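S.K.: got a sequence here, can you build the structure:
(chains A and B)
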Amino acid sequence: MEFIQQLVNGISLGSIYALIALGYTMVYGIIKLINFAHGDIFMIGAFIGFYAITVLKISFFPALLISMTACAIFGVTIERIAYKPLRNATRIAALITAIGVSLLIEYGTIYVRGAQPEAYPSTVLPSTEFKFLGATINSQSLLILGVSLGLMILLQFIVHKTKIGKAMRAVSYDTEAARLMGINVDNTISATFAIGSALAGAAGVIFGIYYIKIEPLMGIIPGLKAFVAAVLGGIGIIPGAMVGGLLLGVIEAMVSALGYSLWRDGVAFVVLILILIFRPSGLFGKNMREKV
Amino acid sequence: MKQTKGFWLSIVGALALYAVIQFLIMSGALNDFYQNMLITIVINIILAVSLHLIIGITGQFSIGHAGFLAVGAYASAIATMNFNVPFIAALPIGGIAAAIAGLIIGIPSLRLRGDYLAIATLGFGEIVRIVMLNIDYVGGASGMMVNSMTDWTTATACLIITLVVIVNFTNSTHGRACISIRENEIAADAMGINTTYYKVAAFAIGAFFAGIAGGLYAHNFYIIQPSTFGFLKSFDILIFVVLGGLGSMSGAVIAAVLLTIVSTLLQDYPETRMIIYSLVLIIMMIYRPQGLLGTKELTQLFKKRATVGGKPNGNKHTAA
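M.R.: Numbers count the residues shown, from 1 in each chain, chains lettered A, B, ... in the order given. Down below sits the predicted model:
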């Protein structure tokens, strides 16, 4: 069953997009900035996970945690150094800075460790294949899906049930009013960056496990596609980013299944332009006022 | 009257510069490396100025300029290589093909603004690259063989035409309409300016010249590949415009010349080049977001404020 097989692949890929897209959507929701560097944080996460597994010889979950923590710190550092001075600048200036930060991370990584790709160790997760409705499903993809879903549920919990989540929603809704109510806006923005970057770091490790090969420029295309996913679901809306990511993954897998695998990347951007033209607020826009 | 005098003065200056360099080339004082660098500088100036019209004058934030470059490059290369069109005629063909692409991408600009438009144009640039990658007629990923035909004379001629057209467009009624859109689109619309028309026109004209640059670019080397027209190329062009000052043509020209020289010298250290680029971009945006010259032109720096017309218009940075 080629179709179910591709659907499974699409959902696995889509859950990675969704994890990255969550960071985009949260940051956009709170400071209206397309954080171009987000895809590169994903790349950094993949490398930290790689070094944690190969150099420190630890297993998957501790490596995932290390990568998420390091990426959270990294994301906050970027925000404090590069984005904070531009809080009151034009959005275009902020966007150009984000592009600059993105280039800096990419080429800084190449400068530090060279451009050669690395291969993720394949033994870190048990890989057994089993048949389901005629499709071959790898236990790795199930675990990936499980981790992604777990992180998304955790995020929903943070945003809706905790104090910092409430602060994030308030700042996103109206920054000035939130400030008047005694919310520390700067800390809230930093927390948003930390959570988003941690998710991107997790996505990086998962991506490495699933696709084996990682390299310093790997963040660009998944980063852009995750942004497409965020726009597709309605930027600033957390469930939108999840659905958008999964949907985009499935669309790409279907395009591949039809035999146009070389056109996959193009289809993602066509989807982006069509969504921007016909429904700029995204699939979940307008109806849901709440956003982070 | 005075403006006409300045206009002819700059034309004479440009021709003199061209003649000096042409003499140096003829006499063999400039080797292939420097000739190539000069042509690259010219191509980059045309690209910077064409993007300046879209971003700096009209305020439409477009970061997919390499897409227009690619359309122009491939269209003119197909014309010369597969249909034996003479090089001189192939350049406008590339320009027109890119202008059509500009019209197409201009249409979303009617619905989108700011960073949404930026991301849509970025997507457009990527679509062009992927289309080129997947069409066997133009060689796919391995690229397309093109004869080297671009020389200093053709390149300078294209450059002078581009500069003259863009300067005159900017100073015309149409250019002022475009500037009013940059400053405040809603107010411009309320004053009876057809914002739709001017936004699409700016995209088409900017794309046309990017297409010409694409034609020069394609015929400068022996091969063109889709991978050279990725968004790193778009960012390169964007950096010229941003660094020079959003809204200043002379700024874009100066930045294009400086950065091309710097990046040619750093050719053997591509990482260092990109790190310097990105640091310059970040530091510039934090400390001088309006760019080197802001919206001023170089000529204004030498004039007294009063002769500009009493009201210096270059203090506010309001692009996009």
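S.K.: my read: A:Ala194 touches A:Ala72, true?
M.R.: Yes: using C-beta atoms under 8 Å, A:Ala194 is in contact with A:Ala72, at 4.1 Å. Using the backbone N, CA and C atoms, a C-beta is placed for each residue, glycine as well.
S.K.: please identify the helix or strand for the residue nearest in space to the middle of chain B.
M.R.: Per C-alpha atoms, centre = their mean, the C-alpha nearest to the average position across chain B is that of B:Leu47, at 2.1 Å. Here B:Leu47, judged by DSSP states H and E, is contained in helix B:32-52.
S.K.: which one's more surrounded, A:Ala194 and A:Ala72?
M.R.: A:Ala72 (23 against 20; other C-beta atoms under 10 Å in any protein chain shown).
S.K.: identify all contacting residues around the host helix or strand of the more buried one.
M.R.: Counting by DSSP H and E, the element that carries A:Ala72 is helix A:60-78. Residues outside helix A:60-78 that contact it (C-beta atoms under 8 Å, 6 or more residues apart in numbering or on different chains) are A:23, A:37, A:41, A:44-46, A:48-49, A:52-53, A:56, A:58, A:101, A:124-125, A:147, A:190, A:193-202, A:204-206, A:209.
S.K.: ok, and of the residues you listed, which contact chain B?
M.R.: A:Val101 (C-beta under 8 Å from any C-beta of the partner chain).
S.K.: ok, now which ones touch residue 252?
M.R.: Defaulting to chain A. Neighbouring residues of A:Glu252 by C-beta under 8 Å, 6+ apart: A:10, A:13, A:264, A:267-268.
S.K.: actually chain B
M.R.: By C-beta under 8 Å, 6+ apart, the contact set of B:Ala252 is B:45, B:48-49, B:51-52, B:56, B:240-241, B:244-245.
S.K.: cutoff 6 Å now
M.R.: B:Ala252 makes contacts with B:48-49, B:52, B:240-241, B:244, as judged by C-beta atoms under 6 Å, 6 or more residues apart in numbering or on different chains.
S.K.: turn those into CSV, including distance to A:Gln5.
M.R.: Converted to CSV, the contacts of B:Ala252 look like this (distance: C-beta to C-beta, whole Å):
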residue, distance to A:Gln5
B:Ala48, 48
B:Val49, 51
B:His52, 50
B:Phe240, 47
B:Val241, 47
B:Gly244, 52
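S.K.: identify the farthest-apart pair in these.
M.R.: The largest separation in these, counting by C-beta to C-beta, is between B:Val49 and B:Gly244 at 9.8 Å.
S.K.: what about A:Ala230, how many neighbours?
M.R.: Neighbourhood size, A:Ala230 [other C-beta under 10 Å]: 34.
S.K.: may I see the buried residues of whichever helix or strand it is part of?
M.R.: In this structure, A:Ala230 sits in helix A:220-233 according to DSSP H and E. Residues of helix A:220-233 classed as buried: A:220, A:222-233 (neighbour count, 16 or more other C-beta atoms under 10 Å in any protein chain shown).
S.K.: any stretches of the stretch 1-150 of chain A with poor pLDDT?
M.R.: Residues of the stretch 1-150 of chain A that meet the criterion pLDDT under 70 lie in A:1, A:133-134.
S.K.: ok, and for the helix ranked longest in chain A, which residues are buried?
M.R.: Looking across chain A with DSSP state H, the single longest helix is helix A:2-31. Residues A:5-31 are the ones in helix A:2-31 that count as buried (16+ other C-beta under 10 Å).
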